[in-house]
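Novice: how would this look folded up:
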Amino acid sequence: MTIQRKERHGHPFAPPRSKRIERLAAPRVAARRVLLTAALSGALGLAAAINARPYDTPRTAPPQAVFQELFVAVQSARIFPDGKTFVDAVPKEPPERILAAYRREQPRSAEALKSFVGAHFALPPEATSEAAEPGHESLLSHIDRLWNQLTRTTKTAPPDSSLLTLPYPYVVPGGRFREMYYWDSYFTMLGLVQSGRPELAEDMVRDFAYLIDTFGHVPNRARTYYLSRSQPPFFFEMVGLLSADDPPAAFGRYLPQLKREYAFWMRGASGLQRGSARFHAVMLDDGSTLNRYWDDEDTPRDESYAEDAELAKGSTREPHQLYRDIRAAAESGWDFSSRWFADAKTRASLDTTEIIPIDLNSLLFGLEQAISAGCMRTGDSSCRREFEQRAMRRRKAIDRYLWDEPSGAYLDYRWTRRERIAGISAATLYPLFVAMSSPLQAQSVARATRASLLKAGGIVTTPRDTGQQWDSPNGWAPLQWIAVDGLRRHHQPSLAATIACRWMAGVNHLYGETGKLVEKYDVVDTGRRGGGGEYPTQDGFGWTNGVMRRLVALYPAESHVETAAQCPEEPDPAAVK
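Specialist: All right, here's what the predicted structure looks like:
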């Protein structure tokens, strides 16, 4: 395996070279910019300028870099049950002073460390979510009311906090997720539009455009410690929602940001040798270029430092490569799943960077198509042709490497071994979602979905039960929508309606019992929260609210069912051709 790590330039759409994170200089530079802003603002604005960081002066250094050995001590001691607590905490004074105090006092015990953190940091509030009183508020009314509770505005942020400032309001997922998330937001926006809140959806698109303009990509989440990676590129789908009857019009308006995001994902593609990879780009044996998940850092994640370090300690693998694969899996949004495990069972075998995933490459096909359509709308015929050709080449490569005729499904591809990875997952439906599949491929995927993924509560993420949250028995709102929308686009209305009805039944049942919508659901033993993962299942919940709101509008007759038995009966699979 050849993985070229040195960045090269020359891609026609590559953004200017960006500086690597300046680990300790960045906070000081940001502080100087804040003080300069304060000096220029006059006496009346002085306090506000010192106590808040305006959105045009972004900080980039993550807590791991800023707080050094204090960070390692706090996270390693696990003084908070959730590793995200400390990295979301707000320093009460400049980091240099806090570090000096830590080195002077040298608190050793967990109790002393917790006391020190409490004295020098303001901890984030406990995650809470308001439940509807069962039987007293309809699910749709509850969702519509939740939008305001989940909306945040952060034009300014406390000095030296990890929060990235954004110019417009946005919706957070809920629970421990206190900031704007990338791919979550598309599914949230489906519901916002359906709820008559298109202005808030457009504000979120503007925020994502700002992030692309500022950082060259959309971070995983709007925190400094997520800047080294992105998430599944749904920005073009978000833009399309702004002009549902004429998506190319919206693509034309946001064409610079669409191109720049594309450049981020294709960084490193220029000059690649066959059978090698750099950043997100992989060149295969026939000269085709496809993409993988990647993270620019190879250290434990800030938000899960102790867990990652412990995993590496118990593994025989080279730690930095394992950390890179952990982070790349986090970029996929499927953190974690047997999809990324070399042995299909254990996290220590994570090899995400060796895998070309079908969902990512489907979305990049969609992005290429969106750029082509935007270029056509703006009258740039050469750009239109170039991206149309790029999409055609990607589709051809996907059909060669990721389409598996024997199983009748799209599978991930391990490029380092030149083999498709056995085992279907819900990602097989992404090519249908972006309208890339042929009619015969779509019919085949529908049969495979019915046979391997369809359960009593919708589609399961993978058929494997490993204890990971992106495996059986969990079902997730975004994957239900990808399936339903993709199947509807490819003339498979019966299966789409079955998945939608069964999913709505599980959501309705749990809402009737608890008055809450949650992050993930058990779709095998229905009517229960999903489980697994690195943290408890969260309430809220942005993408569940959004997908449910949209499905109810599409299937009003089945929108109140609470068991799969109440859903229309699926036809005999043998009758489906």
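Novice: in the stretch 251-400 of the chain, which spans are helices?
Specialist: 255-266, 305-313, 319-332, 358-378, 381-401 (DSSP state H, counting those that start in this stretch).
Novice: State the pLDDT value of Arg145.
Specialist: Note on Arg145: pLDDT of 95.
Novice: sec struct for it, please.
Specialist: State at Arg145, reduced to three classes by DSSP: H, G, I helix; E, B strand; the rest coil: helix.
Novice: What's the local residue count around it?
Specialist: For Arg145, the neighbour count with other Cβ atoms under 10 Å is 13. Placement of C-beta: from N, CA and C, glycine included.
Novice: And the pLDDT at the residue nearest to it when sequence neighbours are not counted?
Specialist: Closest residue to Arg145 apart from its sequence neighbours, by Cβ to Cβ, 6 or more residues apart in numbering: Glu137 at 7.8 Å. Per-residue pLDDT puts Glu137 at 91.
Novice: burial count for Glu137?
Specialist: Glu137 has 14 nearby residues by other Cβ under 10 Å.
Novice: How about Thr563?
Specialist: 15.
Novice: thought it was touching Thr526?
Specialist: Yes - the criterion here is Cβ atoms under 8 Å, and Thr563 meets it with Thr526 at 7.5 Å.
Novice: For those two, list the residues in contact with both.
Specialist: Ala505, His509 (Cβ atoms under 8 Å, 6 or more residues apart in numbering).
Novice: next one: phi and psi at Leu164?
Specialist: phi -90, psi 140 (degrees, to the nearest 10).
Novice: Least confident secondary structure element in the chain?
Specialist: Lowest mean confidence among the helices and strands of the chain (mean pLDDT, DSSP states H and E): helix 46-51, at a mean of 30.
Novice: Off-centre distance for stretch 522-529?
Specialist: Its chain's C-alpha centre and that of stretch 522-529 lie 23 Å apart, by Cα atoms, centre = their mean, to the nearest Å.
Novice: Contacts made by that stretch with the rest, please.
Specialist: By Cβ under 8 Å, 6+ apart, stretch 522-529 touches 455-460, 472-475, 502-503, 505-506, 509-510, 513, 518, 520-521, 530-531, 537, 562-564.
Novice: what ranges do the strands span in the stretch 351-500 of the chain?
Specialist: Using DSSP state E, counting those that start in this stretch, the strands of the stretch 351-500 of the chain run over 355-356, 403-404, 409-410, 413-414, 419-420, 454-455, 458-459, 474-476.
Novice: mind putting these in CSV, mean neighbour count, distance to Ser381 and mean pLDDT included?
Specialist: Below are the strands of the stretch 351-500 of the chain laid out as CSV (neighbours: other Cβ atoms under 10 Å; distance: least, Cβ to Cβ, whole Å; pLDDT from 0 to 100):
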stretch, mean neighbour count, distance to Ser381, mean pLDDT
strand 355-356, 24, 31, 98
strand 403-404, 21, 31, 98
strand 409-410, 29, 32, 98
strand 413-414, 22, 34, 98
strand 419-420, 16, 37, 98
strand 454-455, 22, 44, 98
strand 458-459, 28, 41, 98
strand 474-476, 28, 40, 98
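Novice: which ones are touching the spatially closest residue to Ala391 that is not a sequence neighbour?
Specialist: Closest residue in space to Ala391, ignoring its immediate chain neighbours: Glu368 at 3.9 Å, by Cβ to Cβ, 6+ apart. By Cβ under 8 Å, 6+ apart, Glu368 lies in contact with Tyr262, Phe387, Glu388, Arg390, Ala391, Arg394.
Novice: now, among those, which is nearest to Arg221?
Specialist: Using Cβ to Cβ, Tyr262 is the member of the contacts of Glu368 that sits closest to Arg221, with 20.9 Å.
Novice: how close does the closest one get to Ile398?
Specialist: Applying Cβ to Cβ, to the nearest Å, the value for Tyr262 to Ile398 is 17 Å.
Novice: try Gly379
Specialist: As judged by Cβ to Cβ, Gly379 and Ile398 stand 30 Å apart.
Novice: who has more neighbours, those two?
Specialist: Ile398 (23 against 9).
Novice: any idea how far that one is from Ser425?
Specialist: 15 Å.
Novice: Ok, Arg450 next?
Specialist: Look at Arg450 and Ser425: by Cβ to Cβ, they are 15 Å apart.
Novice: the more surrounded of those two?
Specialist: Ser425 (29 against 19).
Novice: How many residues are close by the closest residue to that one other than its chain neighbours?
Specialist: Spatial nearest neighbour of Ser425, chain neighbours left out: Thr462 (4.4 Å); criterion: Cβ to Cβ, 6+ apart. By the criterion of other Cβ under 10 Å, Thr462 has 23 neighbours.
Novice: wait, doesn't Thr462 sit right on Thr428?
Specialist: No - Thr462 is beyond contact range of Thr428, at 10.2 Å (criterion: Cβ under 8 Å).
Novice: What segments of the stretch 1-150 of the chain are strands?
Specialist: With DSSP E, counting those that start in this stretch as the criterion, the stretch 1-150 of the chain has strands spanning 2-3, 53-54, 90-91, 121-122.
Novice: Check the gap between Gly83 and Ala409 for me.
Specialist: 36 Å.
Novice: Likewise for Ser228?
Specialist: Distance from Ser228 to Ala409, by Cβ to Cβ: 32 Å.
Novice: Next: Leu495.
Specialist: Counting by Cβ to Cβ - Leu495 and Ala409 are separated by 14 Å.
Novice: With Glu202 instead?
Specialist: Taken as Cβ to Cβ, the span from Glu202 to Ala409 is 36 Å.
Novice: can you check Phe215 too?
Specialist: With Cβ to Cβ as the criterion, Phe215 and Ala409 are 35 Å apart.
Novice: Near Val552, how many other residues are there?
Specialist: With other Cβ under 10 Å as criterion, Val552 counts 21.
Novice: Report the contact partners of it.
Specialist: Leu139, Leu140, Met504, Ser559.
Novice: among these, who's most crowded?
Specialist: Met504 (25 neighbours).
Novice: Show the subsequent helix or strand relative to whatever helix or strand it lives in.
Specialist: Element membership for Met504 (DSSP states H and E) is helix 493-514. Once helix 493-514 ends, the next helix or strand along the chain (criterion: DSSP H and E) is strand 520-522.
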